[in-house]
Structures are given as C-alpha cells and as structure tokens.
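Student: what would the 3D arrangement of this be:
(chains A, B, C, D, E and F)
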There are 4 protein chains.
Amino acid sequence: MILLDYRDKRPLYEQVIEKMIQLIAGGGLSPGDKLPSVRSLAMDLSVNPNTIQRAYNALEADGYIYTVTGRGNYVADPDAWKQDHESALEQQLTEAVLQVRRGGLTKEQALLCVEKAFLKEEV
Amino acid sequence: MILLDYRDKRPLYEQVIEKMIQLIAGGGLSPGDKLPSVRSLAMDLSVNPNTIQRAYNALEADGYIYTVTGRGNYVADPDAWKQDHESALEQQLTEAVLQVRRGGLTKEQALLCVEKAFLKEEV
Amino acid sequence: MILLDYRDKRPLYEQVIEKMIQLIAGGGLSPGDKLPSVRSLAMDLSVNPNTIQRAYNALEADGYIYTVTGRGNYVADPDAWKQDHESALEQQLTEAVLQVRRGGLTKEQALLCVEKAFLKEEV
Amino acid sequence: MILLDYRDKRPLYEQVIEKMIQLIAGGGLSPGDKLPSVRSLAMDLSVNPNTIQRAYNALEADGYIYTVTGRGNYVADPDAWKQDHESALEQQLTEAVLQVRRGGLTKEQALLCVEKAFLKEEV
DNA sequence: GTGGTCTAGACCACG
DNA sequence: GTGGTCTAGACCACC
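Tutor: This is a model prediction of the structure:
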C-alpha cells in the first residue's frame, strides 16, 4: 500500500502522511474507506507504531481522515479538505519558485521546469 | 550582510550557505571580492565560528568561493559553477513541481504559481 | 577495521575518508553493508565523534555511502560513484605525472615508476 | 620570474621552492647564476620576506643553491643534486601511483595517465 | 590577524 | 542508541 524510502532525510511519519494524502487525493482511497490499523500498517512497514500514530494524528488534524475510537480510521468527506489541500499545494509550489528565483533562475527557465515535470507519464 | 532566521528549522550553516550563494549569484558579491572573515562574520551573526567555517567549507567544495589560508575567502570565478548552479536550481524546481503534481495539482495551477512568484517585486 | 597514522600531516578525517573509500572500492565493504556507527568507530580509533561524523558526511556527499538517521550509515550502490571515482583517480595521477615531468623526469622514468608501483604484492 | 597561485593549498614557500627547482632543473637558471635577492623577490611576489628566506634556506639545504652572505644566492653545481633530485621525483611518483592503485585503478589505466601527461606540449 | 583542525560536551529528532 | 547540529575553547600553520 505504501513504500518507505529509508534514504529520504525527512522523518518517516512525514513520508507516511505524504503517501496517504496522495492516495486519498488521487482517488486510491475513497471517502468512507477504512484505513489500515495503526498496528497492522506499522507491521507492514516494519516501523514503530508511534510513527504511524503520529501520521494518522496529523491527517486527522488536517481533516483528511477521521478517527472512531475502538473501530479505526476512515477517509473523510472531500468537502472538508479539498480547497485547503489545493491552496496548500499552491503555496508550497509558489514558495519553491520564489526560492529558485532568489537563486537567479529566470521565469522562462521556471516555466520550462513545470512543462518538464508534467511531461512524464508516471507520477 | 546576512540575516539569520532562528525560527527556520534548517541548520544555521545551511542558511549561511544559501544566503551567500544568493549574494554571489545575484551579483551582490563579485568574483575576487573578499568575504568577511570566519571570525568576524561569526561575531556579526552571534554564532560560533565553526558554524561559519562549515558554511565556507561547503561553498568552497561547491566552487563558489576559494580559500587562501592566512588571507581569507574570496568569490570564485563564475565559470566554475554557473552551469552547475543553474542545473541544480532547475532540478530542484522540477522535483518540487513533481511533488505537487503527485498531490493532484494541475499543470494550469502550477503555471499560475510560477507567474505569481515572479510578480512580486521584492525577492 | 581502520588504522590511523598520527604522523601523517593530513587531517584525521581525511585519513578516515581515504581508508573508507579504499575499503568500499576495494570490495572490503559491499553495497548495503552497514558501516560502524559514528560513536563506536570514534571509540575504536580513540578519536572525537565529530571527526568521524565529518568523514561520513563527506563520504555521503560524494555518494559512497548513504545515511539513515537513527539507523546508521550504509554503503551505497556502486553505480552512483563508480565512474566519478575512477575519473577522479585518473585526474589525480595525471596531475602527479605532470608535476614530476615539470621537474625534469622523462617519460621512460615515469613508466618505470608505474611498473615498480604495480610490482609489489601488498597494497 | 615566478608566479604564485594563491588558491593552491600548499604553503607559499613550498610553491617558491617548487618553481625554483623547476627553473634550475629545467635550465631556466644555469649553475652560477645569481638568484633574485630575498627582499626583491619578496617585493615582486607581494609576499613576506620570511617566506622567500624559508624557501632559499630549503633550497640550500637540498644543494640546489648556495649562499654567500652579504652577496646573494647562486645556483649550485648540478653534480651536487642531480641524482638526489631524480630519485626524489621517482619516489614521489611511485608513491602517487601506489595511492591510486590502492583506490582501485588498474596498471593499464595508470600507464594511460602517463601517456596523457606526456602528450601535451606545454608544461 | 587569517583559516583549519580537533576536542569536549550539550541538545535535538528519530526509533 | 542512532545520526545531526551547535557551542566553547584550544592548538596549529601561515603571514
């Protein structure tokens, strides 16, 4: 369901969050679907349950999932996060562009990068 | 000359590196110019000299500056890093775009972000 | 695993880097193998952990190893550095030959030195 | 007469020694020729006189020049250093070859480097 | 005075 | 316990 990259410098729970959001926003998981339990996913990924718990907490705080104590975690209704999600992505990208602009990259080069990133089939 | 942001999560020396590269690539410092000495810059920023040393070492390793022991650090010839620098920036941005794309952002939205980031006057 | 030469004028961390590269390039350490931890190697060599840290950082920057925070350091995939490594060695040797040539050594004498250096069994 | 490279990591006096030996062994300076005075060469190179003094001392110790107090420094008779000089160069190169060999370079690659270094016209 | 290296000891994030 | 960062203070080489 998810594959972790141990060479990635970011904390593992951030990777879990990112992958989960991708699954949810990409349609791999539909509203109401049950997420794997904290313990089982932790086993799957050979990771400490705390790591998964932390990720699920963050996902719930951001409205992507909701938790029913004693039953499990479920994908939330899209209405709750759709706009927030997109504006967050836009802000993230705008910040990245600003940074390379500070480094001296021109607008044309930046636009080319966008084109290039949207060329490849696989994501 | 440089201002550190203590709320920034990244290590201090990385901030120093980034700011210095911006100064050099942006023309604030010209080839042959002398950088502030390790100790004086450390004093200015209220930071340990080792932190500055580390940043200068990295800048030298990447060809942005060169060091003359007992004399100081100087901005290197642009030929050495110009292409590497730009291709690194492009790769960085492409990676960022790919990431938001995975999050579900469309190409149109991405292009808009670039426009937006290049609108503002200040950098 | 490694032996430091305290009479060597070069910094200790450079010696560690060199020995590690020899171990990796020489096959003494295979891709995926775990390196000794920063602290344990520091203990072994009676050296400050920072010194080892510095060497490992350099090795990672050059692609010889990769680091997983909280887990350890591992030998990287050879594809990443094999060509870079050889071309660096060749450049280093060519530079050395040029230097003795400037000193007046003939090509024949230089070739003899190579033969001599490849005669001895031990490396 | 001599040009210093401030980017060179070695001490300045070592550069002066090397350049002088090249001049002498290469025939740019003949036995009996007068070297520039410590003070004048120091002025020329914008360097502290101590640096030149140190180089001249080393050159005299190795038999390349001889000093007449109050008169100046002169190129010595080749018989004094010719063999020492060559065997020193050979030892230096052999050591360099051993080092790249330890790094995994093959004998064939090493021989190629020698050929390459002797191809270029300029020295 | 300059940069460079090393040590000692502290704190943090991750697991 | 793992690596990573930062500080403080010392010593060295070069100039």
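Student: show me where chain A has its helices.
Tutor: Along chain A, counting by DSSP state H, helices occupy A:12-25, A:38-45, A:49-61, A:82-102, A:107-119.
Student: make JSON lines out of those helices and add mean neighbour count.
Tutor: Just so you know, the C-beta spots here come from the backbone N, C-alpha and C atoms, and that holds for glycine as well. Putting the helices of chain A into JSON lines (neighbours: other Cβ atoms under 10 Å in any protein chain shown) gives the following:
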{"stretch": "helix A:12-25", "mean neighbour count": "20"}
{"stretch": "helix A:38-45", "mean neighbour count": "16"}
{"stretch": "helix A:49-61", "mean neighbour count": "18"}
{"stretch": "helix A:82-102", "mean neighbour count": "17"}
{"stretch": "helix A:107-119", "mean neighbour count": "17"}
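Student: Throw these into a markdown table and include mean pLDDT, thanks.
Tutor: Below are those laid out as a markdown table (pLDDT from 0 to 100):
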| stretch | mean pLDDT |
| --- | --- |
| helix A:12-25 | 94 |
| helix A:38-45 | 94 |
| helix A:49-61 | 95 |
| helix A:82-102 | 94 |
| helix A:107-119 | 96 |
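Student: for the residue nearest to residue A:15 when sequence neighbours are not counted, what are phi and psi?
Tutor: Nearest in space to residue A:15, with sequence neighbours left out and distances taken as Cβ to Cβ, 6 or more residues apart in numbering or on different chains, is residue A:4 at 5.6 Å. Here is the backbone geometry of residue A:4 (degrees, to the nearest 10): phi -90, psi 150.
Student: pretty sure residue A:4 is touching residue A:12, no?
Tutor: Yes: taking contacts as Cβ atoms under 8 Å, residue A:4 lies within contact range of residue A:12: 6.1 Å.
Student: joint contacts of the two?
Tutor: residue A:47 (Cβ atoms under 8 Å, 6 or more residues apart in numbering or on different chains).
Student: ok, the residue nearest to residue A:15 - how many residues close by?
Tutor: As a burial measure, residue A:4 scores 15 neighbours (other Cβ atoms under 10 Å in any protein chain shown).
Student: got it, and residue A:3?
Tutor: Residue A:3 has 8 neighbouring residues, counting by other Cβ under 10 Å.
Student: residue A:73 now?
Tutor: Residue A:73 has 23 neighbouring residues, counting by other Cβ under 10 Å.
Student: kindly report the same for residue A:5.
Tutor: 10.
Student: check contacts around it.
Tutor: Contacts of residue A:5 by Cβ under 8 Å, 6+ apart are residue A:15.
Student: and the helices of chain A: which comes nearest DNA strand E?
Tutor: Comparison of the helices of chain A against DNA strand E by Cβ to the nearest atom of the strand identifies helix A:12-25 as nearest, at 3.2 Å.
Student: the closest one close to DNA strand E?
Tutor: Yes: residues of helix A:12-25 are located near DNA strand E by Cβ under 7 Å from any atom of the strand, namely A:12, A:13, A:14.
Student: any part of that helix near DNA strand F?
Tutor: No: judged by Cβ under 7 Å from any atom of the strand, helix A:12-25 stays clear of DNA strand F, getting no closer than 11.9 Å.
Student: from the contact counts, what lies against that helix?
Tutor: Applying 3 or more Cβ pairs under 8 Å, 6 or more residues apart in numbering or on different chains; DSSP states H and E, we find helix A:12-25 packed against helix A:49-61.
Student: do you know how far the spatially most central residue of chain A is from residue A:30?
Tutor: With distances taken as Cα atoms, centre = their mean, residue A:18 lies nearest the centre of chain A, 2.2 Å away. Counting by Cβ to Cβ, to the nearest Å, the gap from residue A:18 to residue A:30 is 19 Å.
Student: list the contacts of residue A:80.
Tutor: Contact partners of residue A:80, counting by Cβ under 8 Å, 6+ apart, are residue A:63.
Student: look up how far DNA strand F lies from it.
Tutor: Between residue A:80 and DNA strand F the distance is 35 Å, computed by Cβ to the nearest atom of the strand, to the nearest Å.
Student: out of the residues of helix A:12-25 next to DNA strand E, which is nearest to chain B?
Tutor: Among the residues of helix A:12-25 next to DNA strand E, residue A:14 lies closest to chain B (Cβ to the nearest Cβ), at 12.2 Å.
Student: look up how far residue A:26 lies from the closest residue to residue A:30 other than its chain neighbours.
Tutor: Counting by Cβ to Cβ, 6+ apart, residue A:30 lies nearest to residue A:75, which is 6.4 Å off, once chain neighbours are set aside. Separation of residue A:75 from residue A:26 (Cβ to Cβ) stands at 12 Å.
Student: who has more neighbours, those two?
Tutor: Applying other Cβ under 10 Å to residue A:75 and residue A:26 shows that residue A:75 carries more neighbours, namely 20 against 12.
Student: just checking, that one touches residue A:27?
Tutor: No: judged on Cβ under 8 Å, residue A:75 makes no contact with residue A:27 at a distance of 10.6 Å.
Student: what residues does stretch A:14-21 touch?
Tutor: Residues contacting stretch A:14-21 (Cβ under 8 Å, 6+ apart): A:2-5, A:8, A:29, A:35, A:41, A:45, A:51-52, A:55, A:58-59, A:64-65, A:85, B:103.
Student: one more time with 7 Å, if that's ok
Tutor: A:2, A:4, A:5, A:8, A:51, A:52, A:55, A:58, A:59, A:64, B:103 (Cβ atoms under 7 Å, 6 or more residues apart in numbering or on different chains).
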